[in-house]
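K.L.:
dropping a prediction and its sequence here:
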Amino acid sequence: MSTAVLEVKDVQKIYGTKGESQSHALKGVSMTIDKGEFVGIMGPSGSGKTTLLNVISTLDRPTEGFIEIAGTNITQMKRNQLADFRSQKLGFIFQDFNLLENLSVYENIALPLSLQGVSSKEISTKVSKVAQTLGIEEILQKYPVQISGGQKQRAAAARALVHDPAILLADEPTGSLDSKNAKSLLETMTDLNENHQVSIMMVTHDAFSASYCKRILFIQDGKLYTEIQRTGDRQQFFKQILDVLAELGASHDVR
Amino acid sequence: MLLKLSMSSMRKMMKDYLVLLVGLVISISIFYMFQTLALNSDYTKNNSMISSIQIVFNVGAFLLAFITIFYIFYANSFLLSLRRKELGMYMVLGAKKGKISQILFLETLTMGIVSLVIGSLVGIALASGIGVLLMNLLEISTEGYYAFYLPAMLMTWGFFLVLFLITSTINAIRLARATELALIRAEQQNDKIKSKGIGAVLVAILGVILLALGYTCLHLLMYLQALGFIVGAISCTIGTYLIFISLLPVLVQALKKNKKLNDSKLNAFTFAQLRFRVNNLTKILGTVAMLIGLGVGAMAGGLAFQQNVNLFTTVFHVYDVNLHDPVETDYQALKKMNVLEQNTYRYKVDDKSFYYLKEDLLANPMLISTNSIQNYSAENKPKRVTEPLPKDVYIMNATKEERGNIDSVPEDWEEAISTNLANNYQLMQGKSVRIVDQVAYEGITGSEHKVLVAQVDDYLKYTQDLKEMDERQKQLVASIVNVKAEDVYTSSKYNTYAGMYIFTSGTMFMGFFLGIAFLAMMASCLMFKILSGAARDKDRYSMLRKIGVRQSLLVGSVYKELFMVFIFPAIIGLMHVLIGMEMFSFILLDPYLNIWIPTLIFVVIYAIYYYITVQLYRGIVLPKEA
């Protein structure tokens, strides 16, 4: 029986103060991600998917509603608690600026552990383990400028996973990769999900990337539009996604 | 339209521009004050004393101007770095480069003129406040000294306008050279990591050796003389730069190599940032260290000279009062003082010689100083002359023919007599000095005089009385020899003290202002240099924040990193001062007297700049959290 790792209930996000011109980025979104799921969030620009990611990743606070990650309600937390929560329970992969280019790959991956005060020896063991999983043992002593874009994203994934987070949050992780590297990263993520039971939530607008997920939520105008589940193979799922996107586009035109 | 945009963006960065403005105002106002002291010719004519320190103020103004040039360049490149993106955007939107260069040129110039106006006003206030205070302190008449002095004002405006014109032109040219894309992407350029190998270690060792050599030269300056100074100064300078070029990066590298330390908290990041800084700021850090040395050195040197005046006069003068033919008023004045020892010696003068009575001398032998400038120690107490005088007659200051086969005055007696009794060359008129016994003395036909020698508890308590005594002695000498009273030079303790005090106070005053201006300028150069790179660090901090680094930890990292950047040149600079002051030991008795005052001033100024830098840097890389 799977348990929820993330629970979002009636989350609203309003930018701007009352009286001024307000914009409703999220208008009551509810969703659940179970442990071991690989969920994609899709939607056109301005749909609110980045805002959703920001409130889930505790970088931004929802105006209304309730978010629970790994059994912890994060909406009531103080700033420092949030920072600690992020460093312990969440793992991030961004589109770019993933790695600190003045630190070696090893140091980049070690950072979340250092922050938690893990001993130097233990850090060393954990880093080499995660590096092995992601196949980047060779480049640990190199600096980000010396490695390829694909290797950078693997290193970023390693850093996101080294501290065993409850969930891995990925924001357009393939956005700045060429198709070969993108494919390789997505396969790695699938592997992590299937063979290492890592829960993943990935925000993307790219249908090909999304087709690697098990389930996809579509957002439009701050609300959940629809949800599809992968039942057959990836090619079939890819077509399914394109259909929903076409539908979304059509509804856009009608409006 | 563009003008409007530039105005609004300047308003937005008011805080940063304000920092630049304050620095400029300090520089301009001190420059102006120095100029009023250096150029005020009416005033100089009235004060022969002050003319000697005029050169000091001119040198000060020149040094100040020199450092200001650096300051303006660093400040401008910082402000430009903040606005690169904005300017690039204007260009992408189709604004002509020429137009933008023109606006930038106008902005820099306007900034300069605003600071000139404020600086001049502050300068006038400084001149009328502190300048006049200085003169009162030195008891120099302020007649003919005006706080507002047109030539000084013209000099200030002329000089700084040229400076601003040059910097704004260079600013505009620099912009014209950059491409639109380079401007927009200014922040995305990566750091290059250069690894330091064995070569760097060798260079570091060379730097330390050179520094040690330089210090040794300065330490042994008394023996090595000019050569020592040149070699010392050059090897110290090169050594300093080499240390910053290699020793510091090697040290930071070593810090990073310590796995345990590096793996703790945010240290890996802090050290990485630090490593980048020490690799990129080598030249400015070296320069800052040198200028801290010069700035604190200027203050410490000026202060040391002034503080040493008292010690100096004490080395030469054991007795505080030497009066030829004292009058009633002199005795009255002496009665008011706490006299420890007072003796009177009789002498006769004829057209050949001064004749001192041996019996008087032996009845009350005088004290002589056992200190010299070369080896001064407070432990060396004055000693009493004990040499016997068995012969009937002794002679000193005589020509060979006059001397004949008369015995010379024994060494200690000669010193005692020449400092205390036969101590006025105008009065002596080149005559010889003899010590004769009672019999011979009575047979001499010349006029009889006496000289009073006294030691008081603390002569600085009685400067007013001593000054009046000195005036009366001048009148006396003037009445005997054919010189005007104001041209008489008495070598009394008071006169020696007063003369040196004015010169050294002028030097000290200049040293302090120059030192403060130097330090303020230098620290702000460092500040602007660090801040110009801050925009680049923005993404790093934002990412650290995202992966869950507490704000307090990030702020702590900023404090730690910048502290190390600031502390290294401070340590080296202060070391230069502490060791460099040693070289004054052959003209100063105790170069380290009250050295804590300039050190404290330095630490305070530097700490303020460190704090401002951290705050501004924080404002750039760590936006306020919601």
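P.N.:
Looks like it arrived, so ask away.

K.L.:
for stretch B:394-414, buried residues please.
P.N.:
Residues B:394-398, B:406, B:409-410, B:412-414 are the ones in stretch B:394-414 that count as buried (16 or more other Cβ atoms under 10 Å in any protein chain shown). Quick note: C-beta positions are derived from backbone N, CA and C, even for glycine.

K.L.:
which among these gets closest to chain A?
P.N.:
Distance to chain A, by Cβ to the nearest Cβ, is smallest for B:Asp412 among the buried residues of stretch B:394-414, at 72.5 Å.

K.L.:
not counting its neighbours along the chain, what's nearest that closest one?
P.N.:
In space, and not counting its chain neighbours, B:Asp412 is closest to B:Val385: 4.5 Å by Cβ to Cβ, 6 or more residues apart in numbering or on different chains.

K.L.:
okay, now residue 21: neighbour count?
P.N.:
Reading this off chain A. Using other Cβ atoms under 10 Å in any protein chain shown, the number of residues around A:Ser21 comes to 7.

K.L.:
sorry, I should have been clearer: chain B.
P.N.:
For B:Leu21, using other Cβ under 10 Å, the count is 18.

K.L.:
list the buried residues in the host helix or strand of it.
P.N.:
Element membership of B:Leu21, judged by DSSP states H and E, is helix B:14-39. The neighbour-count check on helix B:14-39 (16+ other Cβ under 10 Å) flags B:16-17, B:19-21, B:23-39 as buried.

K.L.:
so who does the closest residue to chain A within the stretch 351-500 of chain B touch?
P.N.:
Proximity of the stretch 351-500 of chain B to chain A (Cβ to the nearest Cβ) peaks at B:Tyr376, 53.7 Å away. Contacts here follow Cβ atoms under 8 Å, 6 or more residues apart in numbering or on different chains; on that basis B:Tyr376 touches B:311, B:315, B:589-590.

K.L.:
what about 7 Å?
P.N.:
The contact partners of B:Tyr376, by Cβ atoms under 7 Å, 6 or more residues apart in numbering or on different chains, come to B:315, B:589.

K.L.:
could you look up the SS state of it?
P.N.:
Following DSSP: H, G, I helix; E, B strand; the rest coil, the label given to B:Tyr376 is coil.

K.L.:
contact partners for the residue nearest to B:Asp412?
P.N.:
Neighbour list for B:Val385: B:365-366, B:368, B:412-413, B:416 [criterion: Cβ under 7 Å, 6+ apart].

K.L.:
picking up where we left off before, between the buried residues of stretch B:394-414, which is nearest A:Ile200?
P.N.:
Of all those, B:Asp412 has the smallest distance to A:Ile200: 98.6 Å, by Cβ to Cβ.

K.L.:
in a helix, the closest one, correct?
P.N.:
Yes: B:Asp412 sits within a helix when classified using three-state DSSP.

K.L.:
how many neighbours does residue 121 have?
P.N.:
Just so you know, I chose chain A. For A:Lys121, the tally of surrounding residues (other Cβ under 10 Å) stands at 11.

K.L.:
should've been chain B
P.N.:
B:Leu121 has 14 nearby residues by other Cβ under 10 Å.

K.L.:
over to B:Glu379?
P.N.:
Neighbour count of B:Glu379, defined by other Cβ under 10 Å: 7.

K.L.:
tell me the secondary structure for it?
P.N.:
coil.

K.L.:
and it, what does it touch?
P.N.:
Under the criterion of Cβ under 7 Å, 6+ apart, B:Glu379 has no contact partners.

K.L.:
phi first, then psi, for it.
P.N.:
B:Glu379 adopts backbone torsions of phi -70, psi -30, taken as degrees, to the nearest 10.

K.L.:
tell me which residue of the stretch 1-150 of chain B lies closest to chain A.
P.N.:
Closest point on the stretch 1-150 of chain B to chain A, by Cβ to the nearest Cβ, is B:Lys85, at 16.3 Å.

K.L.:
my guess is that residue is in a helix, correct?
P.N.:
Yes: under three-state DSSP, B:Lys85 sits within a helix.

K.L.:
can you give me the distance of it to B:Leu531?
P.N.:
According to Cβ to Cβ, to the nearest Å, B:Lys85 stands 15 Å off from B:Leu531.

K.L.:
ditto for B:Phe269
P.N.:
In terms of Cβ to Cβ, B:Phe269 sits 19 Å off from B:Leu531.

K.L.:
with B:Met428 instead?
P.N.:
B:Met428 sits 67 Å away from B:Leu531, going by Cβ to Cβ.

K.L.:
the more surrounded of the two?
P.N.:
The neighbour comparison of B:Met428 against B:Leu531 (other Cβ under 10 Å) goes to B:Leu531, with 24 against 17.

K.L.:
skipping its backbone neighbours, what lies nearest the more buried one in space?
P.N.:
Nearest one to B:Leu531, counting by Cβ to Cβ, 6+ apart, is B:Phe78 at 5.2 Å.

K.L.:
what is the neighbour count of that neighbour?
P.N.:
Neighbourhood size, B:Phe78 [other Cβ under 10 Å]: 25.

K.L.:
that's all I had, so thanks and see you.
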